[in-house]
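Q: Sequence plus the predicted model coming up.
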Amino acid sequence: MKRLAVLVVLVIGVVLASCSSVSSSTATTSTTTTTTSAGIAPPVTTTPAPSIQSLVLSITDLPSGWSVDNSPHNASSSCYSNPLTKVASTSYTHADFAKGGSLPSLSEELGTYSSSTTAFSTIASTLNGCKSFNETSGTESISGTMGPMSAPTYGDQSAAWTATLTIQGVDANQGFVMVRKGSYLMIVALGDIGALDNSTLQGFVAQALAKVP
């Protein structure tokens with residue numbers, strides 16, 4: 001979920017320069033390998049299956065004003081970024097969007113796992129232990145804190161968190177919900193400068209989950 005940090009850095013840079021925004025075009029699937037704090041890469045398989053991309057949100061699912069953020073997901077050892085890639089999956093994809101080409105940002109990760117119950121437990125444990133984190137976006141160092149968030153129950157099992165990132169003195173907030181449904185794990189995240197729009201986040205979660213068989 002480093003996407004929010006990237007967009008906030010872009011927005012701050014634009015505001016400092018004058019007042020403008022950025023946009024992008026099409027969604028992608030990617031293969032991402034992360035590195036643990038000990039510097040050892042875990043055995044993560046994130047090869048997208050041909051059928052899984054159609055199961056994530058697309059631009060046609062969203063209200064007008066949203067565009068696709070096509071920038072790549074970079075590997076990160078942070079406990080905050082790209083949580084579903086922290087456990088070996090049998091398939092994986094993601095989709096990222098920005099409203100008005102900047103903020104708010106919407107991200108979805110979707111993966112299948114040989115044991116989705118174990119994967120959910122492992123990832124939830126990592127996120128519950130991720131009280132604070134540090135990210136880098138370009139030359140900017142970003143600090144953040146996170147904790148559990150109250151949310152409706154979805155699928156077979158679900159959990160939710162909020163994260164606050166501080167970038168050049170600006171606070172950005174992100175809420176994200178992880179859902180287990182059959183062999184699938186899904187995370188939907190919504191972030192913006194200022195207060196989190198929780199009702200909009202929950203609406204996107206329900207919409208994304210409806211696409212997962």
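A: Structure's in. What do you need?
Q: Can you name the residues in contact with stretch 192-199?
A: 8, 11, 103-105, 149, 151, 162, 170-175, 190 (Cβ atoms under 8 Å, 6 or more residues apart in numbering). (C-beta placed from N, C-alpha, C; glycine too.)
Q: Please spell out the ChimeraX selection for the buried subset of those.
A: The following ChimeraX line selects those of these that are buried, judged by 16 or more other Cβ atoms under 10 Å:
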select :8,11,103,104,105,149,151,162,172,173,174,175,190
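Q: Sort out for me which of the contacts of stretch 192-199 are in strands.
A: Mapping the contacts of stretch 192-199 onto strands (DSSP state E) picks out Ser105, Thr162, Val170, Asp171, Ala172, Asn173, Gln174, Gly175, Leu190.
Q: beta partners of the nearest residue to the fourth one once chain neighbours are set aside?
A: Once its chain neighbours are removed from consideration, Asp171 has its nearest residue in Thr164; the separation is 5.8 Å (Cβ to Cβ, 6 or more residues apart in numbering). According to DSSP bridges, the partner residues bridging Thr164 are Thr145, Asn173.
Q: now Lys181
A: Residues in beta-bridge contact with Lys181 (DSSP bridges): Tyr184.
Q: is it fair to say Pro63 lies in a strand?
A: No - using DSSP: H, G, I helix; E, B strand; the rest coil, the assignment for Pro63 is coil, not a strand.
Q: What about Asn198, how many residues nearby?
A: Each residue near Asn198 was counted by other Cβ atoms under 10 Å, and the total is 15.
Q: List phi and psi for it.
A: Main-chain torsions, Asn198, degrees, to the nearest 10: phi -70, psi -40.
Q: now it: how far from Glu135?
A: Noted for Asn198: a distance of 23 Å to Glu135, by Cβ to Cβ, to the nearest Å.
Q: Report the contact partners of the residue nearest to Asp171.
A: Taking Cβ under 8 Å, 6+ apart, one finds Gly144, Thr145, Met146, Asp171, Ala172, Asn173, Gln174 in contact with Thr164.
Q: Leu127 too?
A: Contacts of Leu127 by Cβ under 8 Å, 6+ apart are Cys79, Pro83, Met146, Ala159, Trp161, Met178.
Q: go on, Thr117?
A: With Cβ under 8 Å, 6+ apart, Thr117 has these contacts: Gln157, Arg180.
Q: Is it part of a helix or strand, or is it coil?
A: Local secondary structure at Thr117 is given as helix here, using three-state DSSP.
Q: what's the neighbour count on Thr122?
A: Thr122, neighbours per other Cβ under 10 Å, totals 16.
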